[in-house]
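Visitor: coords please:
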Amino acid sequence: MESSRHQYKFICIRERIKKPQSTPPILGITTPEELKVFIGAQIYMGITKEPELKDYWDEGLENGSVHAKHPLSAYITQYRYEQLKRYFHISPPPEISGGFASTYYRSEPTLEQELQMSEEQLSGIWWHKVHIVLDMLRRTSKAFVDLFKMLCDIQVGACGTTRHTSCGKDFPNLLKKLKDLSNYIPYHKVCAIPVEDVLCFAWQDNNIVLGLTTIHTVNKTEDYVERERRRPQITSTNGALVRREFGDQAVKNMLIPRFIDDYNNYMGAVDIANQHRAAYETHVKAFRSWWPLWNWCLDVSIINTWKLHSLRCTELGIASLSHATFRRRLSKQLLSFRPLSTVYQVRPMKRKTEDLQLPELRLNDSLPHIAVRSPVSVQKRCIWCRYKNPKRQKGGGIGFTLFICKACDLPLCRPGSGKTCFQDFHTR
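Guide: Have a look, this model is predicted:
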């Protein structure tokens, strides 16, 4: 992050682009300990929800605040948190000839890939319109062959069911047609067709079940396991065909494919994971497209760590922490990395008009103090009007003018306009 700040400064110098005044610099060096405090603050915000970010640093009750007194101000200031969030990156930017990084790196994927997008106006050096990535594969969340291929390429096993309307064009058409022939297919019959490294299958249960797997086979004895099956109702799909296999038995032990057994035992894990994330989600609304991805990765890593903690406690025969308690302790430990010697920059305050100091050269008679039109055709507030009426009291308005003093280079009301600002500025 610190290197990205220096690279951005280098770009501004190289391209002769004036850095926006609304972009405050980060003072000092960003340390790993400070980033741990930043992440700890994020986790704390997920546990304790507030409508606005500033509420986490609202310490006083004299202003009528009804929010709880949060401890974040003892570890990091709001301004420092906003600075770190502004310059925070989750991946190193690509190198470009010249030794600097592209500041529009986060939007580059939309220029090279086929993506589903939504327009958003983002501010940067160029103030141009970019697109926010919503769906990398332009598909729904259903299982399809190309998704399983991608998971297999990164050595991630997958198994799941799909529908004939959402299984993708690579799913064998023969298996799709079996859906219409379910009345003629024997109970528990398996039909499988491999598509590269993905095994596509159709299995006759109460109805044809379509699915995909990259971790199972169907041509070995160990690919089947005996399980207790219940007889379906006569009114169920293919009920008459299925009940012939059971006869008078309400329950019967039968061989079923192992991929079906694994699916029955482990289905719903995604829904459970979503429930865990939704309870203490660290995500807050942001215009940057990659920020939700970072928050999602952070939440998933915390949940996985908590799961490992629970499994380890079970092995040791001790009580494990609840999800909320685990997050609280994790947040507290990360916040404890606060560097004691760090002096945080405070938010710069606007200069008060009453503190305005007039230049000494205004009284130098050897300089050409003449009124000329400003080269910039923008009206500015008269410096003498601001000095004489700093609090803008009633009856003393501040004039706008297009004229400046040639020697002082300050805006002043034009002589002859009914005001004596030009003469008073150079004599008093």
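Visitor: which residues of the stretch 301-428 of the chain fall in helices?
Guide: Taking DSSP state H, counting those that start in this stretch as the test, the helices found in the stretch 301-428 of the chain are 323-335, 383-388, 421-427.
Visitor: Likewise for the chain?
Guide: For the chain, the helices defined by DSSP state H occupy 2-14, 32-47, 78-87, 109-112, 145-153, 173-177, 239-246, 258-266, 269-279, 291-316, 323-335, 383-388, 421-427.
Visitor: Was I right to think residue 358 contacts residue 386?
Guide: No. With contacts counted by Cβ atoms under 8 Å, residue 358 stays clear of residue 386, the gap being 10.3 Å. (Glycine included, C-beta is placed from N, CA and C.)
Visitor: So which of the helices of the chain is nearest residue 56?
Guide: Residue 56 lies closest, by Cβ to Cβ, to one member of the helices of the chain: helix 32-47, at 6.5 Å.
Visitor: Using PDB, list the CA coordinates for the closest one.
Guide: Provided in PDB are the C-alpha atoms of helix 32-47 (Å, rounded to 0.1, in the frame of the first residue of the first chain):
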ATOM      1  CA  PRO A  32       2.100  -4.400   9.200                       C
ATOM      2  CA  GLU A  33       0.900  -3.700  12.800                       C
ATOM      3  CA  GLU A  34      -1.100  -0.800  11.600                       C
ATOM      4  CA  LEU A  35      -2.800  -2.900   9.000                       C
ATOM      5  CA  LYS A  36      -3.700  -5.500  11.600                       C
ATOM      6  CA  VAL A  37      -5.400  -2.700  13.600                       C
ATOM      7  CA  PHE A  38      -7.200  -1.700  10.400                       C
ATOM      8  CA  ILE A  39      -8.500  -5.200   9.900                       C
ATOM      9  CA  GLY A  40      -9.400  -5.500  13.600                       C
ATOM     10  CA  ALA A  41     -11.500  -2.400  13.300                       C
ATOM     11  CA  GLN A  42     -13.300  -3.900  10.300                       C
ATOM     12  CA  ILE A  43     -14.100  -7.100  12.300                       C
ATOM     13  CA  TYR A  44     -15.400  -4.900  15.200                       C
ATOM     14  CA  MET A  45     -17.700  -3.000  12.800                       C
ATOM     15  CA  GLY A  46     -19.100  -6.300  11.600                       C
ATOM     16  CA  ILE A  47     -20.000  -7.300  15.200                       C
END
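Visitor: So what touches it?
Guide: Under the contact criterion Cβ atoms under 8 Å, 6 or more residues apart in numbering, helix 32-47 has outside partners 1, 56, 70, 72, 75-76, 81, 84-85, 88, 280-284, 295, 298-299, 302, 324, 327-328, 330-335, 337-339, 342.
Visitor: filter those residues to the buried ones?
Guide: 56, 70, 72, 75-76, 81, 84-85, 88, 280-284, 295, 298-299, 302, 327-328, 330-331, 334-335, 337 (16 or more other Cβ atoms under 10 Å).
Visitor: ok now do the residue lying closest to residue 425 once chain neighbours are set aside, which residues does it touch?
Guide: Spatial nearest neighbour of residue 425, excluding adjacent residues (Cβ to Cβ, 6 or more residues apart in numbering): residue 384 at 4.5 Å. Neighbour list for residue 384: 412-413, 421-422, 424-425 [criterion: Cβ under 8 Å, 6+ apart].
Visitor: confidence score at residue 384?
Guide: For residue 384, the pLDDT comes out at 87.
Visitor: ok, now how distant is it from residue 404?
Guide: The gap separating residue 384 from residue 404 is 12 Å, by Cβ to Cβ, to the nearest Å.
Visitor: any common contacting residues for those two?
Guide: Joint contacts of residue 384 and residue 404 (Cβ under 8 Å, 6+ apart) are residue 412.
Visitor: can you give me phi and psi for residue 409?
Guide: phi 60, psi 50 (degrees, to the nearest 10).
Visitor: mind checking pLDDT for it?
Guide: Looking at residue 409, its pLDDT stands at 84.
Visitor: Over to residue 277?
Guide: Residue 277 is given a pLDDT of 83.
Visitor: Repeat that for residue 329.
Guide: At residue 329 the predicted local distance difference test score is 95.
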